[in-house]
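Participant: the following comprises the amino acid sequence and a computationally predicted model.
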Number of protein chains: 2
Amino acid sequence: MSSASVFTLHAQLDADTLAVGELGLCSVRLMNDATYPWLILVPRVSDASELIDLSDAQQGLLMRELSQCSRVVQQQFQPDKLNVAALGNMVPQLHVHLIARFIGDAAWPAPVWGKAPAQPYSEAAAEALLGDLRRALALA
Amino acid sequence: MSSASVFTLHAQLDADTLAVGELGLCSVRLMNDATYPWLILVPRVSDASELIDLSDAQQGLLMRELSQCSRVVQQQFQPDKLNVAALGNMVPQLHVHLIARFIGDAAWPAPVWGKAPAQPYSEAAAEALLGDLRRALALA
């Protein structure tokens, strides 16, 4: 892993998500699925696949950015539970899911993956939500 | 959340797992399911349910202990992928799953939850594996 290599978002993540903005380490993306409020944090580190592919400093920064996003998600959506996961079985580029879960949602109490087909946001709904998230994350 | 309150492992986690040992923040447990090498880290913080219920210092410590365990799991099992997740939809006490995944395992490439019934370790297999893990984590 060379820090000089250029980071490029994986094509599948690019296709499945909308850009919220850039934090110090991570690109913050909104999963284009209105079923759940669902952010994805992608550390801009080339060739990272596992959390332990990050340096100690990057791991610490990821945790802080994850906390910042978690607080925003809690405030905006008031979920019953947050689900946080770095899986990567399908898309090897390191990415962390942050999903607002509600008792009685489409997959509750199971994890969300493979449960309900994605419901893309309308253009207007996406624009409004991305605006809210950017303001809350001070990315506007 | 009072730091004076006594931490008690949730009964469901206790029932589903075997004790590996105690790191500085977390109790390390082995899921009693031979289907996948599967550790669970439980921060000994009373009433914590979300990662953001931990202090910044505790979050940093959790990340370091998770990295330590991840390296051990990689060395011991040489998985194709690590899955790391804090879900808590069923058991509200904060706990982090660390699962060694292999291409072609019982759930691959889906997440493990709800896919295959737990296969408890034999007493001899559990004893051997717990010994290996304790030595690798310098908990022996």
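Facilitator: The structure has been received and is ready for your questions. Note that the structure is a prediction, hence the values are computed from the model and not measured.

Participant: okay, and the beta partners of the most centrally placed residue in chain A?
Facilitator: Centroid check for chain A by Cα atoms, centre = their mean gives A:Ile40 as the closest residue, at 1.1 Å. Counting by DSSP bridges, A:Ile40 is bridged to A:Arg29, A:His97.

Participant: I'd say it and A:Asn32 touch.
Facilitator: No. When contacts are counted by Cβ atoms under 8 Å, A:Ile40 is not listed as touching A:Asn32 (10.4 Å). For glycine as for every other residue, the C-beta is placed from the backbone atoms N, C-alpha and C.

Participant: list residues touching both of these two?
Facilitator: Residues touching both A:Ile40 and A:Asn32 comprise A:Thr17, with contact defined as Cβ atoms under 8 Å, 6 or more residues apart in numbering or on different chains.

Participant: strands of chain A, start to end?
Facilitator: Using DSSP state E, the strands of chain A run over A:17-22, A:26-31, A:38-43, A:81-86, A:96-101.

Participant: mind putting these in CSV, distance to B:Pro109 and mean pLDDT included?
Facilitator: Listed next are these as CSV, based on distance: least, Cβ to Cβ, whole Å; pLDDT from 0 to 100:
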stretch, distance to B:Pro109, mean pLDDT
strand A:17-22, 19, 98
strand A:26-31, 18, 98
strand A:38-43, 17, 98
strand A:81-86, 14, 98
strand A:96-101, 15, 98
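
Participant: contacting residues for the closest residue to A:Val84 other than its chain neighbours?
Facilitator: Leaving aside its sequence neighbours, A:Val84 sits nearest to B:Ala86 (Cβ to Cβ, 6 or more residues apart in numbering or on different chains; 4.6 Å). Taking Cβ under 8 Å, 6+ apart, we find B:Ala86 in contact with A:82-85, B:50-51, B:94-97.

Participant: which residues touch A:Thr17?
Facilitator: A:Thr17 neighbours (Cβ under 8 Å, 6+ apart): A:29-32, A:40.
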